[in-house]
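Chemist: One predicted model, sequence on top.
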2 protein chains.
Amino acid sequence: MDKNKSTTEERILEAAKKVFHSKGFDGARMQEIANEAGVNKSLVHYYYRNKDTLFNAVFEDAFGRLLAKLNEVILSDNTFVSKIELFLNFYITFLSQNSYLPLFVLNGLYEKPEQIKSMLAKKKISPEKLMDQLRNQVREELHIDIEPFHLLINILSLCVFPVLAKPLIMTIFGYSNDQLGQFYQERQTTVPEFILNALKGYEQNHSK
Amino acid sequence: MDKNKSTTEERILEAAKKVFHSKGFDGARMQEIANEAGVNKSLVHYYYRNKDTLFNAVFEDAFGRLLAKLNEVILSDNTFVSKIELFLNFYITFLSQNSYLPLFVLNGLYEKPEQIKSMLAKKKISPEKLMDQLRNQVREELHIDIEPFHLLINILSLCVFPVLAKPLIMTIFGYSNDQLGQFYQERQTTVPEFILNALKGYEQNHSK
DNA sequence: GTCTATATTGTGATAGAC
DNA sequence: GTCTATCACAATATAGAC
């Protein structure tokens, strides 16, 4: 499909993304990837020596995107609340399209924890720097001294989990696609408010 | 292993849990399950006709446990904060042991969304009832009128995601097993506080 | 109920012509 | 670079003896 667009190597990688994202490493078939790319199966081996190599390329692309976005947003010069909104917006719009991606990455992190370190180095991302930035910003804007790690995990939880749990939400609560979209839309305002209120309450309890 | 304890059928199911939980449906091998149970491979087929049937039994067990716990906690007669603490405690202690379980269930929900409805019926769980209970309790204890669905998802997010993201936390932030344990321990107090503060702030913004 | 043997199909990977 | 043909093995599943 789209045999003319871009190089063969690129088309194979795109096809591999599609298949690996939805089926995982064990569920994916080299034949299916070849079909999806519209090329012969041997060509997949020609460009990417074996299944492992191809999978690693796909995983690095996916994990790299998410890492880069997190890094970019936190290090930008927006306000604290704007950053949460930006991150939410990214997750809700981008990942609603690529809805298999977060679960794919999570699975990959369990299977290939070694790759995490090398990705951080390759993308020049420093977790410590992110935490410092978060701590300083909360101190300056909200005048609160917090442990940034819990806050970061809380933000990630509130942004990522509802996307991960999409099938749960749809089935248990009987949501249609439209209702789910509206729910995600509502979260664009409720989540920043939720986090900000939690922080302000923290201030009142600990500041005296 | 433990060839004497319990029936053969039970030992096969236990072995299947162990293998499916960590490797998923596609990654699991019937041979490995047989080895783990200490029985001949044919016996696995004798008791559970095929791989699908065996997987469904394992998935229903896992998903059923999580659903039952959520239902039990929310419908209990504890205070709102106690319920959050109970749920956190369950996730942190139980799932730190069975650390593959939440991701296993999440994957299963993507692959077999049909099973969700039948599990709810079988366990006699009503999502609507849970929501009503949550709404009423927050109104009575905190005097706040909220949309319970967002709150429920927020609670689930803050409890479940940090367990799911275990490898991410350990690798990115270089946590040891001990440090991770301490982090989870801290969340037993920080998360209920976080949620309560968020709700109180909501009250101040919307109650006038 | 439990075992051995085997049928059957699927799958990653390579050799070699063009 | 791209194709055909094929190897080598792995995996689910079943038949049938005991």
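Modeler: Happy to help now that I have it.
Chemist: Any buried residues in the least confident helix or strand in chain A by mean pLDDT, and which?
Modeler: Every helix and strand of chain A was ranked by mean pLDDT, DSSP states H and E. The lowest is helix A:114-122, at a mean of 88. Neighbour counts using 16 or more other CB atoms under 10 Å in any protein chain shown place A:115-116, A:119-120 of helix A:114-122 among the buried residues. Backbone N, C-alpha and C define where each C-beta goes, glycine included.
Chemist: Now flag whichever of those is closest to DNA strand C.
Modeler: A:Gln115 (17.8 Å; CB to the nearest atom of the strand).
Chemist: Surely that closest one is in contact with A:Ala57?
Modeler: No - using CB atoms under 8 Å, A:Gln115 is not in contact with A:Ala57; the gap is 11.2 Å.
Chemist: so who does the residue nearest the centre of chain A touch?
Modeler: Centre of chain A computed as the mean C-alpha position; nearest residue by CA atoms, centre = their mean is A:Leu66, 4.0 Å away. Applying CB atoms under 8 Å, 6 or more residues apart in numbering or on different chains to A:Leu66 gives the contacts A:101-102, A:105.
Chemist: would JSON lines of those with secondary structure, neighbour count and pLDDT be doable?
Modeler: Shown next, in JSON lines, are those (DSSP: H, G, I helix; E, B strand; the rest coil; neighbours: other CB atoms under 10 Å in any protein chain shown; pLDDT from 0 to 100):
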{"residue": "A:Leu101", "secondary structure": "helix", "neighbour count": "19", "pLDDT": "96"}
{"residue": "A:Pro102", "secondary structure": "helix", "neighbour count": "21", "pLDDT": "95"}
{"residue": "A:Val105", "secondary structure": "helix", "neighbour count": "19", "pLDDT": "96"}
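Chemist: Could you dump those into CSV with distance to B:Gln182 added?
Modeler: Below are the contacts of A:Leu66 laid out as CSV (distance: CB to CB, whole Å):
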residue, distance to B:Gln182
A:Leu101, 31
A:Pro102, 27
A:Val105, 26
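Chemist: picking up where we left off before, what's the helix or strand following the least confident helix or strand of chain A in contact with?
Modeler: For helix A:114-122, the following helix or strand on the C-terminal side (DSSP states H and E) is helix A:127-142. Residues from elsewhere that reach helix A:127-142, judged by CB under 8 Å, 6+ apart: A:70-71, A:74-75, A:79-80, A:120, A:144-146, A:148-149, A:151-152, A:199-200, A:203, B:172-173.
Chemist: show me what contacts A:Phe20?
Modeler: A:28, A:54-55, A:58-59, A:104.
Chemist: Could you list the domains of chain A?
Modeler: Domain ranges of chain A: A:1-49, A:70-98+A:125-206, per automatic domain parsing.
Chemist: Turn those into CSV, including distance to B:Asn177.
Modeler: Shown next, in CSV, are these (distance: least, CB to CB, whole Å):
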stretch, distance to B:Asn177
domain A:1-49, 26
domain A:70-98+A:125-206, 17
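Chemist: Turn the ones you listed into JSON lines, columns for mean pLDDT and distance to DNA strand D.
Modeler: JSON lines is the format used below for the domains of chain A (pLDDT from 0 to 100; distance: least, CB to the nearest atom of the strand, whole Å):
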{"stretch": "domain A:1-49", "mean pLDDT": "93", "distance to DNA strand D": "3"}
{"stretch": "domain A:70-98+A:125-206", "mean pLDDT": "93", "distance to DNA strand D": "24"}
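Chemist: Can you name the residues of chain A sitting close to DNA strand C?
Modeler: A:28-31, A:41-42, A:45, A:49-52 (CB under 7 Å from any atom of the strand).
Chemist: Could you dump those residues into CSV and include secondary structure and neighbour count?
Modeler: Putting the residues of chain A next to DNA strand C into CSV (DSSP: H, G, I helix; E, B strand; the rest coil; neighbours: other CB atoms under 10 Å in any protein chain shown) gives the following:
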residue, secondary structure, neighbour count
A:Ala28, coil, 21
A:Arg29, coil, 12
A:Met30, helix, 17
A:Gln31, helix, 11
A:Lys41, helix, 15
A:Ser42, helix, 9
A:His45, helix, 15
A:Arg49, coil, 10
A:Asn50, coil, 10
A:Lys51, helix, 18
A:Asp52, helix, 11
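Chemist: now these as JSON lines including distance to B:Tyr91?
Modeler: As requested, the residues of chain A next to DNA strand C are arranged in JSON lines below (distance: CB to CB, whole Å):
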{"residue": "A:Ala28", "distance to B:Tyr91": "31"}
{"residue": "A:Arg29", "distance to B:Tyr91": "35"}
{"residue": "A:Met30", "distance to B:Tyr91": "38"}
{"residue": "A:Gln31", "distance to B:Tyr91": "40"}
{"residue": "A:Lys41", "distance to B:Tyr91": "44"}
{"residue": "A:Ser42", "distance to B:Tyr91": "47"}
{"residue": "A:His45", "distance to B:Tyr91": "43"}
{"residue": "A:Arg49", "distance to B:Tyr91": "41"}
{"residue": "A:Asn50", "distance to B:Tyr91": "38"}
{"residue": "A:Lys51", "distance to B:Tyr91": "35"}
{"residue": "A:Asp52", "distance to B:Tyr91": "33"}
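Chemist: Okay, A:Arg11 and A:Gly27: tell me how far apart.
Modeler: 21 Å (CB to CB, to the nearest Å).
Chemist: More neighbours: those two, which one.
Modeler: For A:Arg11 versus A:Gly27, neighbours defined as other CB atoms under 10 Å in any protein chain shown are more numerous around A:Arg11 (21 against 16).
Chemist: roughly how far is stretch A:57-69 from the heart of the chain?
Modeler: 8 Å (CA atoms, centre = their mean, to the nearest Å).
Chemist: now swap in stretch A:173-180 and tell me
Modeler: 22 Å.
Chemist: Can you tell me what sits against that stretch?
Modeler: Here stretch A:173-180 has contacts from A:166, A:169-170, A:183, B:127, B:149, using CB under 8 Å, 6+ apart.
Chemist: Return the member of the residues you listed nearest to DNA strand C.
Modeler: Nearest member of those to DNA strand C, counting by CB to the nearest atom of the strand, is A:Lys166, at 26.3 Å.
Chemist: list the contacts for the closest one?
Modeler: A:99, A:180.
Chemist: buried stuff in the longest helix anywhere in chain A?
Modeler: Longest helix of chain A, by residue count under DSSP state H: helix A:177-206. For helix A:177-206, a neighbour-count test (16+ other CB under 10 Å) marks A:180, A:183-184, A:187, A:190-203 as buried.
Chemist: Thank you, goodbye.
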